[in-house]
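Enquirer: okay, sequence plus prediction incoming.
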Protein chains: 4
Amino acid sequence: MLNTVNIHKLKEECGVVGVYSNSFKSKVSKMIYYGLIALQHRGQESAGIATNDGELAHFHKGMGLVSEVFDDSIFQKLQGHIGIGHVRYSTTGESYIANAQPLVVKYRKGSIGLAHNGNLTNAALLRERLEDDGVVFQTTIDSEVIVNLIARYSGEGLSYAIERTMDLIKGAYAIVVMTEDQLIGVRDSYGLRPLCVGKLEDEYVIASESCALDVMGAKFIKDVEPGEMVIINKEGVNYKKVEKGVKKASCIFEYIYFARPDSIIDGVSIYHARKNAGAILAKEHPVEADMVIAVPDTSIPAAIGYAETLGIPFGEGFIKNRYIGRTFIQPEQSMREMAVLLKLNPMRNAVEGKRIVMIDDSIVRGTTSRQIVSSLKRAGAKEVHVRISSPPVAHSCYYGIDTPDRNQLIGAVKTVDEICNVIGADSLGYISLRGLKDSVGIADDPFCHACFCGNYPIEVPNEVRNKGFNRSGGDI
Amino acid sequence: MLNTVNIHKLKEECGVVGVYSNSFKSKVSKMIYYGLIALQHRGQESAGIATNDGELAHFHKGMGLVSEVFDDSIFQKLQGHIGIGHVRYSTTGESYIANAQPLVVKYRKGSIGLAHNGNLTNAALLRERLEDDGVVFQTTIDSEVIVNLIARYSGEGLSYAIERTMDLIKGAYAIVVMTEDQLIGVRDSYGLRPLCVGKLEDEYVIASESCALDVMGAKFIKDVEPGEMVIINKEGVNYKKVEKGVKKASCIFEYIYFARPDSIIDGVSIYHARKNAGAILAKEHPVEADMVIAVPDTSIPAAIGYAETLGIPFGEGFIKNRYIGRTFIQPEQSMREMAVLLKLNPMRNAVEGKRIVMIDDSIVRGTTSRQIVSSLKRAGAKEVHVRISSPPVAHSCYYGIDTPDRNQLIGAVKTVDEICNVIGADSLGYISLRGLKDSVGIADDPFCHACFCGNYPIEVPNEVRNKGFNRSGGDI
Amino acid sequence: MLNTVNIHKLKEECGVVGVYSNSFKSKVSKMIYYGLIALQHRGQESAGIATNDGELAHFHKGMGLVSEVFDDSIFQKLQGHIGIGHVRYSTTGESYIANAQPLVVKYRKGSIGLAHNGNLTNAALLRERLEDDGVVFQTTIDSEVIVNLIARYSGEGLSYAIERTMDLIKGAYAIVVMTEDQLIGVRDSYGLRPLCVGKLEDEYVIASESCALDVMGAKFIKDVEPGEMVIINKEGVNYKKVEKGVKKASCIFEYIYFARPDSIIDGVSIYHARKNAGAILAKEHPVEADMVIAVPDTSIPAAIGYAETLGIPFGEGFIKNRYIGRTFIQPEQSMREMAVLLKLNPMRNAVEGKRIVMIDDSIVRGTTSRQIVSSLKRAGAKEVHVRISSPPVAHSCYYGIDTPDRNQLIGAVKTVDEICNVIGADSLGYISLRGLKDSVGIADDPFCHACFCGNYPIEVPNEVRNKGFNRSGGDI
Amino acid sequence: MLNTVNIHKLKEECGVVGVYSNSFKSKVSKMIYYGLIALQHRGQESAGIATNDGELAHFHKGMGLVSEVFDDSIFQKLQGHIGIGHVRYSTTGESYIANAQPLVVKYRKGSIGLAHNGNLTNAALLRERLEDDGVVFQTTIDSEVIVNLIARYSGEGLSYAIERTMDLIKGAYAIVVMTEDQLIGVRDSYGLRPLCVGKLEDEYVIASESCALDVMGAKFIKDVEPGEMVIINKEGVNYKKVEKGVKKASCIFEYIYFARPDSIIDGVSIYHARKNAGAILAKEHPVEADMVIAVPDTSIPAAIGYAETLGIPFGEGFIKNRYIGRTFIQPEQSMREMAVLLKLNPMRNAVEGKRIVMIDDSIVRGTTSRQIVSSLKRAGAKEVHVRISSPPVAHSCYYGIDTPDRNQLIGAVKTVDEICNVIGADSLGYISLRGLKDSVGIADDPFCHACFCGNYPIEVPNEVRNKGFNRSGGDI
């Protein structure tokens, strides 16, 4: 990955985009391209675009960044007035083109393209049932289960089929579906993964985050609500709510780390939520210090909020090397201590002799934090006080975020004092869950915070718990 | 393609290999690799290998030659004691990785890998029926239809399922199928596409042609008979004949052009069949001449046979440039006449002032023949007598060979005299169909020669006739 | 380039590294690799490493980022106890591998490797003289002139030859030279380009900036002084000053924009200089506002300085997309307005309704500034006050920085008021030259600020002025 | 290499092409491209083209086949009315782009491009002298020595400079030189390497072999004579003989193996020379047999000649796999016996039970011959009589052919009987040197046959003898 200093961060699974146009046919794939570039932070492993020209579906998928996967000659082929796109997150291990999305299939009524962000908790069960019914699977992704269900129920129309499918699938999903003549977006009943709708003069756009609307020049219309389906076709846009009587539980980690700060999700500015979190953290865990710094880039708003609240100067404490590519050769053991410096070099002159507050968004395993704190100390920082703008991550996610096994989550196996000791900080403070919720500023707690508290809004079958995040590949 | 002088030749669809080992697990994928290299003449577009280690299936496919698609790191992953491989032919137009084989799927009983050579005539119909049943398709290849049928009937065991599938599918096929514990090969009831079985100490091998057995060091056991299934597992090898009461009709073009001359198919040496054809051609169309030459490489045995029969010296008349790659830049219009010289330069000193008999295996459109004859004349040949070791190709093939539309087949639209005139030859003689059959030397004519005579052993539905050879791609 | 939003910024020419080791031979090339990654901001076009194992020189060069050019197999070949490395800047036009550095040649005494940052003003003249003497040139880079001169004077030893060469060459240079047994670094008499020396236990290191020492784990020893030569061999390190009686005139733009903020050049922290510049700018051009933002990344320290001085909150105003690769497809004309948003999206929620001070390091052509200001306005900023932490760039550089022709420098052809108008800002203020000098905090003005004031410390021949920056390529 | 079965053959160093046009400027580089494709058998390691548009020289070089190195976008840049091209042979070991040709340099009068086939025997000496004079070298190829000499003597015009250079350089060379306004070709005084001139309507062409003229549509004019210089400019073509009073000694191996059979060198058809050699071999070493086969492809004419002379049928004995690419994965030790079969499979049906005469052009180490004979035996050949159409290679070549050290030449260390034993043949016969000379049919023996007899026409300094063929690389 480009962003190797975040190697121990939690990983988002994907980002999706859909565009429906009433004209300018040739631009749909380009719009999706720019939308995917804006969503690239949600996944760097693979990228794909599928279009439909009213008769045929066309698609292209590849491993790597959006800008690496597509070139001008490919856009020649991606004709159509409807299209969808997908970026997939970057694992450190194996990854396979077979699992890239969108998935495009031919079914009795024509073709369906589908792109999915999230993770189903009952995928294995549904898969088994379909297999018992004679279905064969060519990938290991949930999308293939979903598309098979939709095809099965397509007798009475696509939106009915999707509704039936939504009845069956459990877990987190934000999905865009494309046929010859319509574009449909759906979000699971808990609203775990974000999805919003925008509009240009002649196009409707669906995207995981509003920052994708911005680069397409689209005006934000609304967030797709939990359990809502948005149907776009030549008659315009239609919304349909599939009530399941469940309480909204959207992923609070979007506000902490996943989403881009210029996005607005469910009415809340990510930037403001992060800055608020910093201010609340300052109140919960104040400290006397000379400078507040952020571990770039996610934590900058929180650091500014923390600094402003306590009247401590905010400063740049690190230089992040933006040129470390994916094929970067790791230093040998004896040079290992320089690895973190290559990616994130402390600004000796800025931190030397100072009492530093270092703001980070989360601690997963603790390894990276330890290295960063140690590099600050070596650069002459007198004190390093670590403040984390999320509570300790103590539980695995089963809704689309790639978390390590619980026993590797330092927040699950150690106390805050122990963690402070492990990472070598002079003090350590996590924001409280209460404080985190307040930072987002929505009164009735419509969030999933299972990774902090362990209360999973959607039941997680044991076999999923044991197996963890589905990460399989070109092996089937 | 590497072999651009053959650009107007008929194209074979594919080659398949399967290996079952009782030991030496790690070598199976390498054996398939070498087998595929030996079968590379059957297809240069894409190559793939799939293996099964008893629990998981692994696969790798890519565009290009076998030697380009695989490297050492890939073989690390292709573990297993069973494996299959596939080469796909090179089209001049679009081609898609999505259509590369083997196809590997997960079904209720585990995983199936399948590789197919041939073309089904009722694929569209079967596909429609499956779609009506809710099945979705991710590719446009027949293999996906076949594998869905097998999965559907898998309740009573794999060999039963394949038998049922064979009952349903019509057309030409030589298939290898792999599961966790067995390797199965089947050949259609007419035996249109070749398939044979060989054995090493600890391995059984199935392959399209015996030349693949040779390079693997395997001993030839037998050709798979039309309508026969060969089942290889830990109990050894078993054969099962699915009688359909039809007369064998194996593709006679294998003997003329497709197969490698060192292969033996259904008991007949390709080399000898070709040499015989030359001898018969000499008797049917003798001519006084100074030298017999071949259009390299396929026609050399026929040219030798022709030369020996009439006592005319055989000589090399052309130099074929072996270094013209796939990315070769075509000469501009004004340099067009040099294109054929680049690929096939006549040996001026050998042909100058001589009466030449030029043996070729077939004439498809006539364009290449005209250019070659003309180049011989410019090089000083006094006379050029063209002799073709197959009858005029006058009908399209629907069983897996990529023939142009009938109206582009010069043999369908012109008389021999007219063709002679078009290609600028001093005389032109085609072997008779009778003579061709005699050249193979099997008494009761167990051949399909529909491309010459128009009598199709398997009914060809009108929609297939109109659509021609299925060549669709990354559009669905 | 990765950093396409800076497309209209001035471009640094290069970065150099050299390592001499008394042991651990195999690590020298790896150390250079990490050093070059730390210097990657100085050039992204090509990268190269050359080593000498005491007998033979080995080298590898390639187009692209350091991490793209090298892999493990290459390091196997780059053996040696001495080595040098080079990164070259990224032009938008043609670029040629032939011009990549280090340049490695064989001369009468063995081999020389040389890497050069800077630009000679009398290269053409010296080249002509050498050509008159029968020398042939294979590239268009100054390094080839320099290496020829060194070879010519090598009769009395390498350091003597370099001294003689320094007598002849005029212009800006920071050079590292490698032979079988020594590593030499030199800096021109004006000290236009930076160069410093560091030390590990068994290695000496020379590098363009101290941030490269940090990642190698080397301790900073000293900056190479203007006109100084540092000679490293088995006897240790030696310094030799070549006096030319000229006043130091190091490039002040290193402090403004080129160098990495964690580097210390000639005793001054880049970070502090930038923050100071912001503070001075605040005093020179204060404004009432609600938030101070930076155009990322270079301007952040200046923005913090500006904000602190006036007591206005500092905030993040933009999100910079880090994933826009070099092969990024430019939007069509009708989508052009979205191009800048793709790279730099304003944070609507942060800026909406606010009076914004936007700090940037320089304005070259004005085009990018106009787009950025306009995007802020569209995002709802009530006022946009632009403050620039350098004076107007009004003169071309001939010492190694790629500046456009004077008539394209907006600072050369328009007044500040006119520029303010062009870029659509509510007010515009540049730091004064006096203020800029003060920001670096060295009393006696040892700087070249010709790009602001037009006083060139080294005479620039007319043919160089007319020709502009030497950018030639694979044409000779 | 593509042609891996020839891995133990002697290797030609290079092929050269030059084109001078009076019009059709844009086609010169394309003509060279096609010429190089026709000469690709002379070298597959690297390819390059340089052109001059009257003002600037342009060039492009790369590793790999001609068709891999060039694409349409490159030809856009290779403008000019004069151009030269080069192919370099494929080593099994290291190879470097730095050593690719043509070499293009800037000297006092403009630019020179030079491409060289051959090997100088006094290159090291000349290099030393030039180095003593201050010259630096960037490659290890002889061309750089030659171009430096030409530049040095260029005061009185290019053709004078080349003449002076020819006085100094010793060894084998066929060179094409290009400036802004002329194209010059020279051949060493012994005529060791071939070079010929051809003409189209508006273009003159110089090439290593006449087969390159054919594909460009050029008419053969004449062979460049030993010691002759051909000068082509706007005044037309001029020839100038530099007499050195030495006897012609052109490389007889061109007739045996290197040249393409459709070429005519120094008035002799390669095809006829080879066929004659076969006939003479038949007389010198007749044998009773059932079939004569050739090791493809070079030996086919000799095999036809042998067969005709003795009245034994000629047949195809092997199938050569044309699809084994350069990246082909070698079989593991236990599968090693299959390696030769992959490349060259004996035609079991053709050879089984027969007494075979196998014609090959040479035996270098004997390893390949042994494997091939053994594969024939395993395929059932009753007897294998090996006949070689050249005498035993017993001495190394120092004039541009890559021969192994003498002690690895089986012809140098073993008797014919011993060799017969080593390779497992039933009998072995080499053509006599007398017979070989007669096969070419030129009366007064104007040949170098030092590799057979050890009489070197040009003195070989001891250091060259000890060092062997110059094969150095990106190490200098």
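Expert: Happy to help now that I have it. Numbers count the residues shown, from 1 in each chain, chains lettered A, B, ... in the order given.
Enquirer: who does the lengthiest helix in chain A touch, helix- and strand-wise?
Expert: In chain A, taking DSSP state H as the definition, the longest helix is helix A:270-284. In terms of contacts (3 or more C-beta pairs under 8 Å, 6 or more residues apart in numbering or on different chains; DSSP states H and E), helix A:270-284 is packed against helix A:300-310, strand A:383-388, helix A:433-440, helix C:348-351. No exception for glycine: its C-beta is placed from N, CA and C like everyone else's.
Enquirer: pLDDT (mean, whole number) over it?
Expert: Here helix A:270-284 scores 97 as its mean pLDDT.
Enquirer: and the next element down the chain from that helix?
Expert: strand A:291-294 (DSSP states H and E).
Enquirer: for that following strand, name the packing helices and strands.
Expert: Counting contacts by 3+ C-beta pairs under 8 Å, 6+ apart, strand A:291-294 is packed against helix A:300-310, helix A:348-351, strand A:355-360.
Enquirer: cutoff 7 Å now
Expert: helix A:300-310, strand A:355-360 (3 or more C-beta pairs under 7 Å, 6 or more residues apart in numbering or on different chains; DSSP states H and E).
Enquirer: quick one: which of the ones you listed is nearest chain C?
Expert: Among the helices and strands packed on strand A:291-294, the nearest to chain C by C-beta to the nearest C-beta is helix A:300-310 (5.7 Å).
Enquirer: show me what contacts A:Ala307?
Expert: Neighbour list for A:Ala307: A:292, A:313-314 [criterion: C-beta atoms under 7 Å, 6 or more residues apart in numbering or on different chains].
Enquirer: tell me where the stretch 201-350 of chain A has strands.
Expert: Along the stretch 201-350 of chain A, the stretches classed as strands by DSSP state E, counting those that start in this stretch are A:203-207, A:219-223, A:228-233, A:236-241, A:250-251, A:264-265, A:268-269, A:291-294, A:318-320, A:344-346.
Enquirer: and those as CSV, adding distance to B:Ala279 and mean neighbour count?
Expert: As requested, these are exported to CSV (distance: least, C-beta to C-beta, whole Å; neighbours: other C-beta atoms under 10 Å in any protein chain shown):
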stretch, distance to B:Ala279, mean neighbour count
strand A:203-207, 70, 28
strand A:219-223, 80, 16
strand A:228-233, 69, 22
strand A:236-241, 76, 13
strand A:250-251, 78, 26
strand A:264-265, 81, 24
strand A:268-269, 87, 23
strand A:291-294, 86, 26
strand A:318-320, 78, 22
strand A:344-346, 79, 24
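Enquirer: can I get the helices and strands packed on helix A:270-284 in JSON lines with mean pLDDT?
Expert: Shown next, in JSON lines, are those (pLDDT from 0 to 100):
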{"stretch": "helix A:300-310", "mean pLDDT": "97"}
{"stretch": "strand A:383-388", "mean pLDDT": "98"}
{"stretch": "helix A:433-440", "mean pLDDT": "96"}
{"stretch": "helix C:348-351", "mean pLDDT": "91"}
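Enquirer: out of the ones you listed, which gets nearest to D:Lys247?
Expert: D:Lys247 lies closest to helix A:300-310 among these, at 83.0 Å (C-beta to C-beta).
Enquirer: what angle sits between that closest one and helix C:300-310?
Expert: 20 degrees (axes from the mean of the first three to the mean of the last three C-alpha atoms, to 10 degrees).
Enquirer: angle of helix A:300-310 against strand A:355-360?
Expert: 140 degrees.
Enquirer: show me what counts as buried in helix A:300-310.
Expert: For helix A:300-310, the neighbour count (16 or more other C-beta atoms under 10 Å in any protein chain shown) marks A:300-310 as buried.
Enquirer: then stretch A:376-388?
Expert: By 16+ other C-beta under 10 Å, the buried positions in stretch A:376-388 come out as A:376-377, A:379, A:381, A:383-388.
Enquirer: just the CA atoms of it, as PDB, please.
Expert: Taking Å, rounded to 0.1, in the frame of the first residue of the first chain, the C-alpha atoms of stretch A:376-388 are listed here in PDB:
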ATOM      1  CA  LEU A 376       9.800  11.200  19.200                       C
ATOM      2  CA  LYS A 377      11.900  10.500  22.300                       C
ATOM      3  CA  ARG A 378      15.000   9.900  20.200                       C
ATOM      4  CA  ALA A 379      14.300  13.200  18.500                       C
ATOM      5  CA  GLY A 380      14.500  14.900  21.900                       C
ATOM      6  CA  ALA A 381      10.900  15.200  23.000                       C
ATOM      7  CA  LYS A 382      11.000  15.700  26.800                       C
ATOM      8  CA  GLU A 383       7.600  14.100  27.400                       C
ATOM      9  CA  VAL A 384       5.200  12.300  25.000                       C
ATOM     10  CA  HIS A 385       1.600  12.200  26.100                       C
ATOM     11  CA  VAL A 386      -0.500  10.000  23.800                       C
ATOM     12  CA  ARG A 387      -4.200  10.900  23.400                       C
ATOM     13  CA  ILE A 388      -6.400   8.600  21.300                       C
END
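Enquirer: list of residues touching that stretch?
Expert: A:281, A:285, A:287, A:289, A:306, A:346, A:348, A:351-360, A:362-363, A:369, A:373, A:423-431.
Enquirer: switch the helices and strands packed on helix A:270-284 over to JSON lines; also include distance to D:His58.
Expert: JSON lines is the format used below for the helices and strands packed on helix A:270-284 (distance: least, C-beta to C-beta, whole Å):
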{"stretch": "helix A:300-310", "distance to D:His58": "49"}
{"stretch": "strand A:383-388", "distance to D:His58": "58"}
{"stretch": "helix A:433-440", "distance to D:His58": "61"}
{"stretch": "helix C:348-351", "distance to D:His58": "50"}
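Enquirer: domain parsing for chain A?
Expert: Split into domains by automatic domain parsing, chain A comes to A:4-249, A:270-442.
Enquirer: want to throw the ones you listed into JSON lines with distance to C:Gln101?
Expert: Below are these laid out as JSON lines (distance: least, C-beta to C-beta, whole Å):
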{"stretch": "domain A:4-249", "distance to C:Gln101": "27"}
{"stretch": "domain A:270-442", "distance to C:Gln101": "18"}
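Enquirer: quick one, which of the ones you listed is nearest to D:Arg322?
Expert: Nearest of the domains of chain A to D:Arg322, taken as C-beta to C-beta: domain A:4-249 at 29.5 Å.
Enquirer: is chain D contacted by that closest one?
Expert: No. Applying C-beta under 7 Å from any C-beta of the partner chain, one finds domain A:4-249 separated from chain D by no less than 13.0 Å.
Enquirer: what about that domain, near chain B?
Expert: Yes. Contact between domain A:4-249 and chain B is present through A:56-59, A:104-108, A:111, A:131-132, A:134, A:136-138, A:147-148, A:151-152 (criterion: C-beta under 7 Å from any C-beta).
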